[in-house]
Every structure is written in C-alpha cells, then in structure tokens.
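Undergrad: Sharing a model that was predicted from the sequence below.
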Amino acid sequence: MKKKLSNEVLKKVMNELYYYLMKQGADSETAKDIVQDSVYKMMVHIEAVDPDKYRAWLFKVATNLYYDYCRKKNRAPSLMLDETLASNAELIEDALITKENQQYIRKMLDLMPTAYKQLLLLKYELEWSYQQIADYLEIKPNNVKTYLARARKKFKEIYQEENNEKK
C-alpha cells in the first residue's frame, strides 16, 4: 500500500523547492511556475514515484524544468540576491555587513561548477542530510560526502584566489 503525502508535508516541500529555485537564480514568478509544474507532474505520475522519495523526485523534476527554462532563455543559471535588507530588530550597519557577506558568498558560488554549487546549496542552505542528497542525485551517501568535500575544497580555493586578487 502506498504511503500518502500529507498536505502539510507537500506545502513544506513546495516552500523548500521555491526557496531552492530562487537560490539557483530563478525569479519569483518563474520559481512559482516551476513549483506548480513539478507538483502537477508528480500528481500525474504519483503511482510511479516511490513514497519515500517524493521530495527528491520533486527537486529533480524542478531542477530539470529550471535548466530547460534557462536553455530556452539562452542564459546560464545564476543566483539571485535577496531583496529584503534586514528585520527591524537588526541595526542597519549589521544588516549591511550581513548583506555584503551574503553577496560575496553568492559571488563565490557563481564562480563554482554548477554541480558543486548545487551540492553546497542543498547541504547548507536547505540543510538536507547526506541521505536526502543521495536520494535526489541517485548516488550513494558516501559519494555525497566525497563530492561535498570536493565542493568545499573548490569553494575554499576560489575564495582564496578572490581574496589574493583584492590585495
């Protein structure tokens, strides 16, 4: 018997998917459209989707739809910058420093190969476990650890190169 996907879980996954697409560089409307198309495809193919892998399946479909969108628009995926500056509780100076650091990190991510950038976003932005990433990428969790180590190393190299050029 198939396990059902509750509305609460689906809403949470849809929000995560939207957030992920925004981090990949989709604008708000495009991200909403892709999330909607992904959920529609899942509903159409619900019998073929393993109940334990709904989330990974949705992310895979959405990522492919986003890359198709980018190919049609003849542009590479890029990260969007957050539009909100700060909450009322933060001081403006702290908010600007935080915003500047976030922009710098996103600039470093833009310089990385897409696969590494995707891994880092899944692990550190969405806080996915190794198993969730492995399910999404259809690889073993140990391979996820290896690829993440390589991605972190590459990020560190790019970060150091950028800092050496600034001096």
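TA: Cool, the structure landed. Residues are numbered from 1 along each chain as shown.

Undergrad: quick one: the helices in this protein?
TA: Defined through DSSP state H, the helices belonging to the chain, from first to last, are 7-24, 28-44, 54-73, 92-110, 114-120, 130-137, 141-166.

Undergrad: what's the shortest one packed up against?
TA: What that stands for is helix 114-120. Under the contact criterion of 3 or more CB pairs under 8 Å, 6 or more residues apart in numbering; DSSP states H and E, helix 114-120 touches helix 92-110, helix 141-166. Any C-beta I mention is one placed from the backbone N, CA and C, and that applies to glycine too.

Undergrad: Now do the buried residues in it.
TA: Of the residues in helix 114-120, Tyr116, Lys117, Gln118, Leu119, Leu120 count as buried by neighbour count, 16 or more other CB atoms under 10 Å.

Undergrad: Excluding covalently adjacent residues, which one is nearest to the second one?
TA: By the measure of CB to CB, 6 or more residues apart in numbering, the closest residue to Lys117 outside its immediate chain neighbours is Leu109, 5.0 Å from it.

Undergrad: mind checking how far the one you found is from Gln24?
TA: 10 Å (CB to CB, to the nearest Å).

Undergrad: Glu100 now?
TA: Taken as CB to CB, the spacing of Glu100 relative to Gln24 amounts to 22 Å.

Undergrad: residues contacting the residue nearest in space to the middle of the chain?
TA: For the chain, the residue nearest the mean C-alpha position is Tyr20 (3.5 Å; CA atoms, centre = their mean). Counting by CB atoms under 8 Å, 6 or more residues apart in numbering, Tyr20 makes contact with Phe59, Ala62, Leu121, Leu122, Glu125, Leu126.

Undergrad: Just the buried residues from those, in ChimeraX please.
TA: Selecting only the buried members of the contacts of Tyr20 in ChimeraX, with burial defined as 16+ other CB under 10 Å, works like this:
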select :59,62,121,122
